[in-house]
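Visitor: Fold the following.
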Amino acid sequence: MTQTLPDGPAEPTTLRELMRRRDYVLFWIGRVGATLGVQIQSVALGWQMYAVARETMDVKQSAFYVGMIGLAAFIPVLLLSPFAGETADRYDRRKVLLLCYVGEIATAVTLAAAAIHGFATIPLLLLLSALFGASRAFMGPSATALGPMLVPRSLLPRAIALNSLAWQGGSIVGPAIGGLLLAHSTGLSYSVTTVLYAVSFLCVFMIRGVTKPVVQAGSRWALIKEGMVYTWTNKIVFGAISFDMFAVLLGGATALLPVFARDVLHVGPDGFGLLRAGPAIGATLVAVILAGRPIKRHAGLMMFAGVAVFGMATIVFGLSKSLPLSVLALAVLGGADMLSVYVRQTLVQIVTPDHMRGRVAAVSSLFIGASNELGEFESGVVARFLGPVGAAVFGGVGALIVTGVWAKLFPALRKADRLE
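Guide: So this is what the prediction gives:
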């Protein structure tokens, strides 16, 4: 037996109708708060790690340790994602998400104490990054699977666009706020992050709808295996999430923004905040357009075009010596990434049955974690040998190559037409 999402030919599909759904609005506000918290914390953590490393190391070595933050956060995701997906398909998704927020709050409080009292070290920052990664391993599948339970299927494409808007909007404001807070103190940045996570916790706590999935028969290992087999055999699902992973894995030069801000463009914390906001500016503009005018045709081609533009913009960013041009390139990069992410998420969530969404989301989160966190690590390693500029150009070229290879390997994904 599977849980059936509310559906019907008479179901309205307007954005206004979506915003009338109380539980979804609470979920969305919580997502905004968590996104702001993550962005401010990421800005502070990257800047603090680079500052601590530069006390005893040169630019290339310090850039390597900035990339190590991504590896430390990814290892727990790699180890825990299969169990996290099964957990989201077995237990109340709202309660799982609440526990994840508790973990985020604990991490932010510890970082604040370390910054305020001056005992931050490279090992401590890496350890806290790993603990944060463990929380995110469970948060991704539970949040991804919870969202579709709060809206009818007819509103799902708009909800996905609005969810992305929450993330990207927070990604614009978050880095800018993070840069301003860093100019005052690192400890203040982490303290504000703690408050934002607490707001997200309260919003999710107030959701009243049914948030526990219908549990399928079978052992934990059987359910984990079922989710992995489904993801592997469904070529649209596997092609979409693997495409995202390898493209962003190679194009993850934005992880080196602390290095570009301090030792390439020489713009300091305020300029760093602008650089961090750049990708989200473009992504938010695209998300607003998609929320009002969802893609109706040629979805697969649009996704591949988005990743190709992402790669080209990454190259421009790497070669730029001007702050305005760098921010513009990052904005184009973010808009293109938003387009590809929107298509991928919509395709995956629409074709996946509700009782498997947690497990498929876990695999997707693992791939996304590999693209983001391992992308940071890859950029740090390449920067260790080629420098930050060489690492950015290398990543952009790699994203273009991946686009061509995946278009050849997954023709069904390239030919995907309607998002419905």
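Visitor: State the mean pLDDT of stretch 317-333.
Guide: Mean pLDDT, computed over stretch 317-333, is 91.
Visitor: Give me the buried positions along it.
Guide: 317-318, 320, 323, 326-333 (16 or more other C-beta atoms under 10 Å). C-betas here are computed from N, CA, C, even on glycine.
Visitor: between those, which is closest to residue 46?
Guide: Residue 46 has its nearest neighbour among the buried residues of stretch 317-333 in residue 330, at 15.1 Å by C-beta to C-beta.
Visitor: quick one: average pLDDT of the strand or helix carrying residue 281?
Guide: Taking DSSP states H and E as the definition, residue 281 sits inside helix 268-292. In this model, helix 268-292 carries a mean pLDDT of 79.
Visitor: For the next helix or strand after that helix, which helices and strands make contact with it?
Guide: Following helix 268-292 in sequence order, the next helix or strand is helix 299-319 (DSSP H and E). Counting contacts by 3 or more C-beta pairs under 8 Å, 6 or more residues apart in numbering; DSSP states H and E, helix 299-319 packs against helix 235-250, helix 323-351, helix 375-409, helix 411-414.
Visitor: by how many degrees do helix 299-319 and helix 375-409 diverge?
Guide: 140 degrees (axes from the mean of the first three to the mean of the last three C-alpha atoms, to 10 degrees).
Visitor: Could you pull out the buried residues of helix 299-319?
Guide: 299-318.
Visitor: Just send the buried residues of stretch 317-333 back as a markdown table, with distance to residue 201 too.
Guide: Below are the buried residues of stretch 317-333 laid out as a markdown table (distance: C-beta to C-beta, whole Å):
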| residue | distance to residue 201 |
| --- | --- |
| 317 | 36 |
| 318 | 39 |
| 320 | 40 |
| 323 | 37 |
| 326 | 36 |
| 327 | 33 |
| 328 | 37 |
| 329 | 36 |
| 330 | 31 |
| 331 | 32 |
| 332 | 35 |
| 333 | 32 |
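Visitor: Which member of the residues you listed is positioned nearest residue 58?
Guide: Nearest to residue 58 among the buried residues of stretch 317-333: residue 318, at 20.0 Å, using C-beta to C-beta.
Visitor: Let me see the contact set for the closest one.
Guide: 253, 388-393, 395-396 (C-beta atoms under 8 Å, 6 or more residues apart in numbering).
Visitor: one more time with 7 Å
Guide: 253, 389, 392-393, 396 (C-beta atoms under 7 Å, 6 or more residues apart in numbering).
Visitor: What separation do you get for residue 410 and residue 353?
Guide: Between residue 410 and residue 353 the distance is 21 Å, computed by C-beta to C-beta, to the nearest Å.
Visitor: Looking at those two, which is more packed in?
Guide: More neighbours surround residue 410 than the other of residue 410 and residue 353, with 20 against 12 (other C-beta atoms under 10 Å).
Visitor: Excluding sequence neighbours, find me the nearest residue to the more buried one.
Guide: Closest residue to residue 410 apart from its sequence neighbours, by C-beta to C-beta, 6 or more residues apart in numbering: residue 239 at 3.5 Å.
Visitor: surely residue 212 meets residue 90?
Guide: No - counting by C-beta atoms under 7 Å, residue 90 is not a contact partner of residue 212; they are 8.9 Å apart.
Visitor: Mind checking which of the two has more residues around it?
Guide: Taking neighbours as other C-beta under 10 Å, residue 212 and residue 90 compare with residue 90 leading, 17 against 14.
Visitor: hang on, the earlier thing: in JSON lines: the contacts of residue 318, plus distance to residue 98.
Guide: Listed next are those as JSON lines, based on distance: C-beta to C-beta, whole Å:
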{"residue": "253", "distance to residue 98": "35"}
{"residue": "389", "distance to residue 98": "43"}
{"residue": "392", "distance to residue 98": "38"}
{"residue": "393", "distance to residue 98": "43"}
{"residue": "396", "distance to residue 98": "39"}
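Visitor: Any quick PyMOL command for the buried ones out of those residues?
Guide: Buried residues among the contacts of residue 318 (16+ other C-beta under 10 Å), as a PyMOL selection:
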select buried, resi 253+389+392+393+396
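Visitor: Now tell me what touches the helix holding residue 281 from outside.
Guide: Contacts for helix 268-292 (C-beta under 7 Å, 6+ apart): 15, 43, 47, 158, 161-162, 164-165, 168-169, 171-172, 175-176, 178-180, 182-183, 254, 257-258, 260-261, 265, 323, 326-327, 330-335, 337-339, 342.
Visitor: and residue 26, how many neighbours does it have?
Guide: Neighbour number of residue 26 under other C-beta under 10 Å is 20.
Visitor: for the one 10 residues further on, same thing?
Guide: Counted with other C-beta under 10 Å, residues neighbouring residue 36 total 27.
Visitor: isn't it right up against residue 173?
Guide: Yes - with contact defined as C-beta under 7 Å, residue 36 reaches residue 173; the gap is 6.3 Å.
Visitor: Next up, the contacts around residue 101.
Guide: Per C-beta under 7 Å, 6+ apart, neighbours of residue 101: 197, 200-201, 204.
Visitor: sorry, that was for residue 303
Guide: Shown in contact with residue 303 (C-beta under 7 Å, 6+ apart): 340, 343-344.
Visitor: now residue 20, what's its secondary structure?
Guide: Secondary structure state of residue 20, per DSSP: H, G, I helix; E, B strand; the rest coil, is coil.
Visitor: Sorry, slip of the keys, the one I care about is residue 209.
Guide: Quick answer, by three-state DSSP: residue 209 is coil.
Visitor: and it, what pLDDT?
Guide: 83.
Visitor: Over to the one 5 residues further on?
Guide: According to the prediction, residue 214 has pLDDT 70.
Visitor: which SS state does it fall under?
Guide: Per three-state DSSP, residue 214 ends up coil.
Visitor: And it, how far from residue 89?
Guide: Counting by C-beta to C-beta, the gap from residue 214 to residue 89 is 9 Å.
Visitor: roughly how far apart are residue 163 and residue 156?
Guide: 10 Å.
Visitor: my bad, residue 343
Guide: From residue 343 to residue 156 the distance is 14 Å (C-beta to C-beta).
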